[in-house]
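> Return atomic coordinates for the entry below.
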Amino acid sequence: MARLPAFLLTWRWPAFGLVMLAFVLTFVLAIGLAPTHLLRLARIAGLRPSLRGPPAPA
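Residues are numbered from 1 along each chain as shown. Sure thing, here's the model as predicted:
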C-alpha cells in the first residue's frame, strides 16, 4: 500500500490551508454579495427590479 504524503495527513502544509481558505472565502462572498450585486447591475441597466413583482400597467 502506498504511503500518503505527509501534507495529506496534516493541516500543517501552508499552501493547502491557504487554498482551502481562498475557496471558502470565495464561496461565502459570492453567495453573500450576489443578490445585492445583481440587483445593482439590473438597476444600472435600467431594469428597475422590484421585490413586489412587475409594476402594474398604467
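> can you pull out the helices in this structure?
For the chain, helices defined by DSSP state H occupy the ranges 6-9, 14-44.
> quick one: buried residues of the last one?
In this case it means helix 14-44. Neighbour counts over helix 14-44 (16 or more other Cβ atoms under 10 Å) mark no residue as buried. C-beta coordinates here come from the backbone N, C-alpha and C atoms, glycine included.
> rewinding a little: which of the helices of the chain has the lowest average pLDDT?
Lowest mean pLDDT of those: helix 6-9, a mean of 60.
> Run through the residues that contact Ala30.
Going by Cβ atoms under 8 Å, 6 or more residues apart in numbering, Ala30 touches no other residue.
> what's the pLDDT at Pro49?
Pro49 carries a pLDDT value of 58.
> swap in the one 4 residues further on?
Per-residue confidence for Gly53 comes out at a pLDDT of 63.
> let's number from 325 now, not from 1
That works, and once the first residue is 325, the last one we named lands at Gly377.
> I'd like to know how far Arg364 sits from Leu349.
21 Å (Cβ to Cβ, to the nearest Å).
> Many thanks, I have nothing further to ask.
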